[in-house]
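Participant: I'd like to go over a predicted model; first the sequence, then the structure.
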Amino acid sequence: MLATTGVAETTGGSRRPGWFGWLMMAPMLLWLVAFVVVPTGILLVYSFCQRDDLGEIVYSFSWENYRRIFFDSDTGKFGTTYFTVFIRSIVYAGLTTVICLVVGYPVAWFIGRAPESRRNLLLMLVMIPFWTSFLVRTYAWIMILSNNGLLNSGLEYARLISEPFEMLYTPGAVVLGLVYSYLPFLILPVYGSVEKLDNSLVEAAFDLGAGPVRTFQEVIVPLTQPGIVAGILLVFIPALGMFAITQLMGGGIKPTIGEVIQNQFLQARDWPFGAALGMTIVVLFAVVFWFTSRKQEPA
Amino acid sequence: MKPIRLLLAGVLIGLVAAPLPAMAQKKKNVLNLFCWSEYVPQEVIDGFTKETGIKVNVVNYASNEEMLAKLLAGGSKYDLVQPSEYTIEALVKAGKLEELNLANIPNIKNLDPKFTKMPHDPDGKYSVTWMAGTVGIVVNTAKVKTPITGYKDVFDGTHKRRIVVLNDAREIVSWALNSLGLPINEITAENLDKAKPLLKEWLPQVKVYDSDSPKTALLNGDVDLGIVWSGEAAILYKKDKKFAFVLPKEGAHQFIDSLAIPKGAPNKENAEKFINYILKPEVSKLVSEAFPYTNPNLEARKLLSKADQENPASYPPGEPKLETFKDIGKAAKDIDKLVTDLKGK
């Protein structure tokens, strides 16, 4: 998504690529076909299959897996635990996106408006966490937040609290872990837009009598919108499917959709059902994306 | 989300799977070992290579189910796998294991006869026990002063949100079945219905589900009680004697992790050499020291320090009520559904 907005801006929209363009894009297209289109196709086929005793795929067509997602198998009524799990995941991902936006936008703005000589240094600071595996960084959070952890010990030492404060294995810890992991994915695309923003337009808004709030709303936000949209997508979509952080920092008490899907593939040995859950999300995304992009088209 | 995950999975499978067959063809003197992460000490592997000149390629997995999935998907040829009892049973049933040539494994004489020819492999033709263990209760006696003897004491409501349990649906359901006096290997709709109300009462009291390292939450003081692998309990006890280990009086799961050779393994003889090597008392002792489960190797046990021999989590005293798991086939799905429903709400 980031790539498409970038291309659209530089080439000025709807110019069709010639043979040379296709040739340049070939590696990326091959990559997409091999690692996105084909696996998604396999998932689609699996989602209509069943498993045998050993957990191998049995190729016989059935809607059973999708029925299990939408209808309670005991009562036959519409609505299952998977709905609750899915809504919980959306709430986590949504909250994460909002916090990332509120925290990340000013940071991106500050970096984008900083003197050019300092920008690279600041950008590097944003990217430094990527030098370590995110699992290691998540374990570090466990050490900070646990009852005998750094934060609780520090607070107790400073006599601010007498009993350890329960932080780890709570929904708050999950959101903290998600925000921590995905914040750079919002800052970087927004920075890209802020950096390109023509300062004279902001000055013009002020000259014409707009206050700071109005300038922000009507000039700055629309002009940095491609970065904001890309950032939101880059945070929301992976946060929705994340299972490692929610499991490690949430204790797996209230599972997210990512954890449930992972369970189908690894523990329950029920690949077809896991595939059906995965496909349902893909379709849902496609529908939402189609609606939102149709709305934007006239503008 | 999906494309990114798939993409990662694709890359990972490519990285893991691609080199194996190539290496196997290039040289005969290799062993492709597919084993649990954190279960085969590096010094054992190095020692084997030093003694036999056979190079060992190690690939890890984190659950029996993951191992099965990768083994059955084909593509990569493994010479030796490390399944637990119910997985051995399923693999034997499906004809996916090679028969062992016991003439190549003379050191099997070191094993306690209790751990050979077990129900999952009655003739001892397909597997050799690597380590045995149980799933029991760890009590932080500095925090919990009331006596804990079984599952019912853990979930009596006074330890709400102070409990870590394995993130494993089959284990969890077996505790409820044991508490109700029901057979843990008969997973019928009727028995699950009976277990459901009990689990509904139990699960909200749990603070952490963790199969990989349940000791972390106990060590960090986030919980006071745990129902965990005995090896984890033994490590906790070694670190601090306040972590007592209790085998639930209602009955507990005994798991048997074994070595077995998958059908069509390219280096079957090397795999047998490896099995024979790890059955040497001095080698088996190294495994026990790193991963203090119940060592089935009687000769190796003699070499362990007195403290290790007396660790109650590794070698529980008395005659506890233990039972192994049997393969339950498709019922795994019903168990998963039950636990997901209860957790998800």
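Facilitator: That came through, no problem. Residues are numbered from 1 along each chain as shown, chains lettered A, B, ... in the order given.

Participant: do the longest helix anywhere in chain A and chain B meet?
Facilitator: For chain A, the longest helix by residue count, based on DSSP state H, is helix A:81-113. Yes. Helix A:81-113 comes into contact with chain B when judged by C-beta under 8 Å from any C-beta of the partner chain, the residues involved being A:81-82, A:84-85. In this view, the C-beta of every residue, glycine as well, is placed from N, C-alpha and C.

Participant: would you map out the domains in the chain?
Facilitator: No chain specified, so I'll use chain A. In the assignment given by automatic domain parsing, the structural domains of chain A cover A:93-196+A:224-254, A:259-299.

Participant: chain B, not that one
Facilitator: For chain B, whose domains are defined here by automatic domain parsing, the residue ranges read B:2-132+B:256-309, B:133-254+B:319-344.

Participant: and among those domains, the most buried is which?
Facilitator: Looking across those with neighbours counted as mean count of other C-beta atoms under 10 Å in any protein chain shown, the highest average goes to domain B:133-254+B:319-344: a mean of 19.

Participant: contacting residues around B:K326?
Facilitator: Listed by C-beta atoms under 8 Å, 6 or more residues apart in numbering or on different chains, the contact partners of B:K326 are B:86, B:89, B:119-120, B:185.

Participant: so of those residues, which ones are in strands?
Facilitator: Applying DSSP state E to those, no entry is found in strands.

Participant: tell me where the stretch 51-200 of chain B has helices.
Facilitator: Remark: helices assigned in the stretch 51-200 of chain B by DSSP state H, counting those that start in this stretch are B:64-73, B:85-93, B:151-154, B:169-179, B:189-202.

Participant: so which of the ones you listed gets nearest A:P115?
Facilitator: Closest to A:P115 of these is helix B:64-73 (C-beta to C-beta; 51.3 Å).

Participant: where does the prediction get shaky in the stretch 51-200 of chain B?
Facilitator: Within the stretch 51-200 of chain B, the stretches falling below the threshold (pLDDT under 70) are B:75.

Participant: helix or strand with the lowest mean pLDDT in chain A?
Facilitator: Here the helix or strand of chain A ranked lowest by mean pLDDT, DSSP states H and E is helix A:2-11, holding a mean of 44.

Participant: what's downstream of it, the next helix or strand?
Facilitator: Beyond helix A:2-11 in the direction of the C-terminus, DSSP states H and E gives the next helix or strand as helix A:19-32.

Participant: can you tell me the residue of the stretch 101-250 of chain A closest to chain B?
Facilitator: When distances are taken as C-beta to the nearest C-beta, the stretch 101-250 of chain A reaches nearest to chain B at A:G241, 3.1 Å away.

Participant: burial count for that residue?
Facilitator: Neighbourhood size, A:G241 [other C-beta atoms under 10 Å in any protein chain shown]: 20.

Participant: then A:P106?
Facilitator: 12.

Participant: flag every residue of the stretch 1-150 of chain A that's near chain B.
Facilitator: Counting by C-beta under 8 Å from any C-beta, the residues of the stretch 1-150 of chain A lying close to chain B are A:34-36, A:39-40, A:43, A:51-56, A:73, A:81-82, A:84-85, A:142-143, A:146-149.

Participant: restricted to helices, list these.
Facilitator: Using DSSP H, the members of these that fall in helices are A:39-40, A:43, A:81-82, A:84-85, A:142-143.

Participant: low-confidence stretches in chain A?
Facilitator: Counting by pLDDT under 70, the ranges of chain A that qualify are A:1-15, A:295-299.

Participant: relative to B:G329, which of the domains of chain A is closest?
Facilitator: When the domains of chain A are ranked by distance to B:G329, counting by C-beta to C-beta, first place goes to domain A:259-299 at 9.9 Å.

Participant: how far away from the center of its chain is the closest one?
Facilitator: 13 Å (C-alpha atoms, centre = their mean, to the nearest Å).

Participant: likewise stretch B:98-109?
Facilitator: If you compare the mean C-alpha spot of stretch B:98-109 with that of the full chain, they lie 22 Å apart, counting by C-alpha atoms, centre = their mean.

Participant: quote the end-to-end distance of it.
Facilitator: With C-alpha to C-alpha, to the nearest Å applied, stretch B:98-109 spans 21 Å between its terminal residues.

Participant: who wins for neighbours among the residues of helix A:81-113 next to chain B?
Facilitator: Greatest neighbour count in those, by other C-beta under 10 Å, goes to A:V85: 24 neighbours.

Participant: on the pLDDT front, check the closest residue to B:A62 other than its chain neighbours for me.
Facilitator: Leaving aside its sequence neighbours, B:A62 sits nearest to B:S37 (C-beta to C-beta, 6 or more residues apart in numbering or on different chains; 5.8 Å). Reading off the per-residue confidence, B:S37 sits at a pLDDT of 87.

Participant: mind listing what's buried along the strand or helix carrying A:G177?
Facilitator: Assigning secondary structure by DSSP H and E places A:G177 in helix A:171-196. By neighbour count, and taking 16 or more other C-beta atoms under 10 Å in any protein chain shown as the criterion, the buried residues in helix A:171-196 are A:171, A:173-195.

Participant: which neighbouring elements make contact with that helix?
Facilitator: Using 3 or more C-beta pairs under 8 Å, 6 or more residues apart in numbering or on different chains; DSSP states H and E as the contact criterion, the neighbours of helix A:171-196 among helices and strands are helix A:81-113, helix A:116-127, helix A:134-145, helix A:225-241, helix A:244-250.

Participant: and the spatially closest residue to A:W22 that is not a sequence neighbour, how close does it get to chain B?
Facilitator: Excluding its sequence neighbours, the residue lying closest to A:W22 (C-beta to C-beta, 6+ apart) is A:L29, at 8.0 Å. Counting by C-beta to the nearest C-beta, to the nearest Å, the separation of A:L29 from chain B is 14 Å.

Participant: can you get me a residue count around A:L29?
Facilitator: A:L29: 11 surrounding residues under other C-beta under 10 Å.

Participant: close to chain A, is the lengthiest strand in chain B?
Facilitator: In chain B, ranked by residue count with DSSP E as the criterion, the top strand is strand B:127-140. No. Where contact is defined by C-beta under 8 Å from any C-beta, no part of strand B:127-140 touches chain A; the two come within 11.5 Å at best.

Participant: just the terminal-to-terminal distance for stretch B:270-286.
Facilitator: In stretch B:270-286, first residue to last residue: 21 Å (C-alpha to C-alpha).

Participant: got the contact list for it?
Facilitator: With contact meaning C-beta under 8 Å, 6+ apart, stretch B:270-286 is reached by B:29-31, B:33, B:41, B:43-44, B:47-48, B:51-52, B:54, B:56, B:79-80, B:100-101, B:104-108, B:110-111, B:128, B:130, B:259, B:261, B:265, B:287, B:295, B:297, B:299-300, B:302-304.

Participant: how far out from the middle of the chain is that stretch?
Facilitator: With C-alpha atoms, centre = their mean as the basis, the distance from the averaged C-alpha position of stretch B:270-286 to the chain average is 19 Å.
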